Each structure stands twice: as C-alpha cells, then as structure tokens.
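S.K.: below: sequence and its predicted model.
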Amino acid sequence: MVAVKKPLRIGFIDRIAIKNKRSMEKIRTVLVTGGCGFIGANFIHLVNETRPDWRIVNLDLLTYAGNLSNLHGIEEGARYRFVKGDIADAALVDGLFEQENIDTVVHFAAESHVDRSIVGPAEFIRTNIFGTFTLLEAARKAWLADSAEAADPRFLHVSTDEVFGSLGDSGFFNETTAYDPRSPYSASKASSDHLASAYFHTYGLPVLITNCSNNYGPYQFPEKLIPLIFNNARTGRSLPVYGDGKNIRDWLYVNDHCQAIIAVIDKGTVGRSYNIGGNNEKTNLEVVSLICDILDEKLGLLPNGAVRRSLITFVADRLGHDRRYAIDSSRLKTEIGWQPSVTFGQGIALTIDWYLTNQQWLDTVIDGSYQQYYERMYG
Ligand code: NAD
Ligand code: TYD
C-alpha cells in the first residue's frame with residue numbers, strides 16, 4: 001500500500017515558534033571590531049560557515065596582534081567588508097554606523113596581553129577604555145536618536161574573567177562576583193565593562209557583556225602560553241614557566257567561546273552579563289607538560305633523545321600574577337542552553353594539529369617585532 005503523505009499543516013503554536021525563532025535569529029549587519037585577532041578571526045570564520053543571514057564589517061587596526069592571513073578564505077563582497085582603522089577614531093566609527101546601517105556590534109578589539117600591559121599600560125587605557133567609549137557613543141547616536149531606524153539592535157561587549165581578580169583554592173566567579181582587577185590589562189577591561197553597563201542603565205543602549213575564561217585554538221598569537229610553548233617545544237627551545245607553575249586557568253576552546261557569543265546575540269537578555277568558561281581548570285605546569293607529551297608522541301623525542309618536559313624552565317614570576325581563575329557558566333547554560341562542545345583533551349589535540357599543519361602561519365607571525373618582544377621578555 002502506498003503511504004499517503006499528510007499535507008504539511010503548521011499550527012498556531014508552530015507559527016509562534018517560527019516567528020520567535022525568526023525574531024531571535026534576525027538578519028544582521030554586524031560590526032566586528034578586532035576581527036583580525038585570535039578570537040575575532042575565529043568568530044568571523046564561524047559566522048561565515050553558520051550564519052549566511054549575517055553581513056560582517058570588520059574594523060581592525062592591524063596592530064602586532066592583527067593579521068589579515070587569519071581570515072584566509074573570507075572574500076570581500078556582499079557578506080563581508082574589511083576596514084583598516086582605529087576603534088578610537090570617532091569620525092571613522094560614526095561614518096561606518098551610518099554608511100553600513102550597523103545594527104549589531106561584537107566588540108573584540110583590545111590590547112589583550114597581560115605581560116605587555118605591565119611593561120606599557122598606556123595603549124591599554126587608550127584602546128580598551130577610550131576605544132570602547134568611542135564605539136558606545138557611536139552606537140548611542142546611531143540607535144537612540146529620534147530618527148534612528150535600526151530594529152532590535154545589539155551591542156555585545158566581549159570581556160574577560162580577569163576583571164574579577166584572583167581566586168583562592170576554592171570558589172568560582174559568577175555574574176554577581178565583585179570586580180577586583182589586578183593588572184593594567186584587567187583594570188582597563190573592567191573599566192570598559194563598567195562603561196558598557198552604564199550605557200545600558202543610563203541611555204537604554206541594548207548592551208550585553210560576556211566575561212570569558214582563557215581561550216586556546218587556531219590563530220592565537222604566540223605571546224600567549226599555549227602557542228608560545230608549542231612553538232618553543234617544537235623547536236627544542238626552553239619552556240618558560242612563571243613562578244612555581246601552579247597558577248590555574250580555566251581553558252575554553254575558542255570555537256566554543258564564539259558559539260556562546262552567537263547564542264548570546266540571538267537569545268541573551270539586554271543589560272545582562274554572561275560568564276563563559278570551560279569548567280576545565282589546569283595548572284600551567286599541567287598544560288605545558290601535556291603539550292610536551294603530545295609533541296613527543298607526534299614528532300618523536302628531541303635530537304639528543306630527551307623528552308620535551310626536560311625543556312621546562314622556571315623563570316621569574318609575573319608581577320601581580322593572579323593565582324586562580326574559575327568560571328561558573330550556569331546562567332549561560334540555563335538561560336541560553338549553551339554547552340562547550342569539546343573537552344580540553346579534544347581541543348588541545350585539534351589545536352596542536354592546526355599549528356602543525358599551519359607552520360607557515362606561525363613562521364609569518366614570528367617576524368622581527370616578535371623576536372624583539374621575545375628577547376625583551378625572556379632574554
Ligand atoms: P588579540 O590580541 O588576538 O586581537 C586583538 C585584535 O584587535 C587585533 O586584531 C588588533 O589588530 C585589534 N586592535 C587592537 N587595537 C585596535 C584598535 N585601536 N582599533 C581597531 N582594532 C584594534 O585578542 P584576542 O585574544 O582575540 O581577544 C579578543 C577580545 O577577547 C579582547 O577584548 C579580550 O579582552 C577578550 N578575551 C580574550 C580572551 C583570551 O583568552 N584571548 C579571553 C577572554 C576575553
Ligand atoms: P597567558 O596565556 O598570558 O594568559 P593570561 O595571563 O591572560 O591568563 O598566560 C596563561 C598563564 O600562563 C598565566 O598564569 C601566565 C602563564 N605563563 C607562563 O607561565 N609562561 C609564559 O611564557 C606565559 C606567556 C604565560
């Protein structure tokens with residue numbers, strides 16, 4: 001007997017669900033700041049693959065941390081435009097809101113490395129605080145004026161768990177934890193969070209803030225722990241571990257962070273902040289040792305027959321080094337339904353494979369200025 005297909009009937013409840021889904025997942029023109037950096041580039045790749053309904057304008061100054069080759073395969077065209085420029089340039093930013101009809105901002109651009117903030121804090125104050133202020137002002141003018149046309153806009157400010165300071169042996173940061181930043185980097189990010197929050201409370205700007213733990217994955221600049229250790233361990237150089245190596249970070253694979261950001265834009269409540277973490281605490285020594293073991297397995301032992309763990313060198317501690325970060329992401333999980341998709345073991349394996357197959361990328365970013373930075377830091 002031939003089965004008779006029932007006509008597809010969409011009931012009232014289904015119609016509401018579809019309407020809600022559409023309004024949550026609306027067509028957007030997204031100003032991504034810092035899209036040529038580590039997380040911004042991963043975010044643009046993810047949007048390109050999963051959100052054909054979003055158009056991206058990427059504003060990036062291409063500092064030492066920004067690299068156009070991070071966006072290999074993303075073509076300029078109807079869905080993507082790159083603009084080289086400074087988030088603190090008010091005329092440029094105002095012009096972009098107007099010309100491009102920006103209705104969504106995902107604000108990554110920042111000076112992001114704690115060690116650099118200790119050596120030279122001024123650029124952190126300028127970019128992270130004044131740059132964020134400039135973007136908030138532009139959004140306020142574009143979205144809240146009487147003549148404003150942007151429907152259902154969103155300003156997502158990407159921030160860090162470092163604003164909460166340092167934990168003892170127990171406890172977690174949640175969204176009500178008091179801010180207690182302790183490095184020039186985290187103090188500048190805390191300040192930008194406060195500005196973003198103030199623009200929601202004072203003007204009603206539709207701000208969302210995310211505070212994420214340490215990321216790792218493709219395209220991370222080798223000043224940060226994981227790619228720096230990978231690069232040195234691969235080539236048999238010493239592996240600098242600060243202090244006793246027992247500081248703890250909560251590591252999250254970068255793609256999971258980017259998925260969380262998309263979910264917060266779609267489903268987050270404006271005016272709220274969301275903590276994002278991997279529930280994945282490791283001491284620095286555990287992370288460094290794991291990278292050594294994976295490379296020994298994949299590449300064989302060092303030419304002298306030693307294991308790579310023998311390269312570990314304890315060096316002077318970072319000034320004001322935060323001891324432990326750990327994130328409670330239950331708000332994000334319960335309100336928005338986000339979960340990390342990979343374990344640390346899976347994520348680190350993916351990351352090391354990526355760095356091994358993209359050796360040319362690493363060689364390109366380790367140019368003259370990186371060598372100078374490395375000499376100054378590690379001598
Ligand atoms: P990154 O240093 O790799 O990239 C920063 C990008 O911003 C670069 O492309 C750089 O060229 C650009 N930029 C810097 N100053 C600019 C300016 N004045 N105008 C325009 N562009 C400018 O940083 P990242 O690791 O990708 O971090 C992105 C954001 O995420 C930052 O706001 C950081 O505080 C936050 N965050 C990072 C982590 C992490 O583990 N890396 C964790 C939580 C939050
Ligand atoms: P980092 O990747 O700089 O991220 P953050 O300071 O934002 O947490 O550093 C991660 C941890 O690794 C931090 O505790 C400092 C430590 N670290 C080292 O021990 N050696 C290094 O060479 C670097 C860059 C970091």
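M.R.: Now that the structure is in, tell me what you want to look at. Numbers count the residues shown, from 1 in each chain. Ligands and ions are numbered 1, 2, ... in the order given.
S.K.: can you pull out the strands in the stretch 151-300 of the chain?
M.R.: The residue ranges that make up the strands of the stretch 151-300 of the chain, judged by DSSP state E, counting those that start in this stretch, are 154-160, 207-212, 215-216, 239-242, 248-250, 252-253, 273-276, 281-283.
S.K.: in JSON lines: those, plus distance to ligand 2 and mean pLDDT.
M.R.: Any C-beta I mention is one placed from the backbone N, CA and C, and that applies to glycine too. Shown next, in JSON lines, are these (distance: least, Cβ to the nearest ligand atom, whole Å; pLDDT from 0 to 100):
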{"stretch": "strand 154-160", "distance to ligand 2": "7", "mean pLDDT": "98"}
{"stretch": "strand 207-212", "distance to ligand 2": "11", "mean pLDDT": "98"}
{"stretch": "strand 215-216", "distance to ligand 2": "8", "mean pLDDT": "98"}
{"stretch": "strand 239-242", "distance to ligand 2": "4", "mean pLDDT": "98"}
{"stretch": "strand 248-250", "distance to ligand 2": "5", "mean pLDDT": "98"}
{"stretch": "strand 252-253", "distance to ligand 2": "12", "mean pLDDT": "98"}
{"stretch": "strand 273-276", "distance to ligand 2": "15", "mean pLDDT": "98"}
{"stretch": "strand 281-283", "distance to ligand 2": "9", "mean pLDDT": "98"}
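S.K.: could you say which one of those comes nearest to S166?
M.R.: S166 lies closest to strand 248-250 among these, at 9.8 Å (Cβ to Cβ).
S.K.: list the contacts for the closest residue to ligand 1 within the stretch 51-200 of the chain?
M.R.: The minimum distance from the stretch 51-200 of the chain to ligand 1, using Cβ to the nearest ligand atom, falls at G66 (2.5 Å). Residues in contact with G66, defined by Cβ atoms under 8 Å, 6 or more residues apart in numbering, are G34, C36, G37, D60.
S.K.: how about a cut-off of 6 Å?
M.R.: G66 is in contact with C36, G37, D60, counting by Cβ atoms under 6 Å, 6 or more residues apart in numbering.
S.K.: could I get the strands of the stretch 151-300 of the chain as TSV with mean neighbour count and distance to S186?
M.R.: Formatted as TSV, the strands of the stretch 151-300 of the chain follow (neighbours: other Cβ atoms under 10 Å; distance: least, Cβ to Cβ, whole Å):
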stretch	mean neighbour count	distance to S186
strand 154-160	25	7
strand 207-212	25	11
strand 215-216	24	15
strand 239-242	20	16
strand 248-250	22	13
strand 252-253	26	17
strand 273-276	24	15
strand 281-283	18	19
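S.K.: just so I know, which of these lies nearest F82?
M.R.: The stretch from those with the least distance to F82 (Cβ to Cβ) is strand 154-160; that distance is 18.8 Å.
S.K.: is any part of that closest one close to ligand 1?
M.R.: Yes. Applying Cβ under 6 Å from any ligand atom, one finds that strand 154-160 is in contact with ligand 1 at V158, T160.
S.K.: repeat that for stretch 253-266.
M.R.: No. For stretch 253-266 and ligand 1, the contact criterion (Cβ under 6 Å from any ligand atom) is not met; the two come no nearer than 7.2 Å.
S.K.: next: stretch 309-322.
M.R.: No. Contact between stretch 309-322 and ligand 1 is absent, the nearest approach being 13.0 Å (criterion: Cβ under 6 Å from any ligand atom).
S.K.: so which of the strands of the stretch 151-300 of the chain is nearest T343?
M.R.: When the strands of the stretch 151-300 of the chain are compared by Cβ to Cβ, strand 252-253 sits nearest T343, at 8.8 Å.
S.K.: the closest one pairs with which strands, and in what direction?
M.R.: Looking at strand 252-253 with DSSP bridges, its partner strands are strand 215-216 (parallel).
S.K.: please enumerate residues in contact with the partner strand?
M.R.: Identification of contacts with strand 215-216 by Cβ under 6 Å, 6+ apart yields I39, I226, W251, L252, V254, H257, T351.
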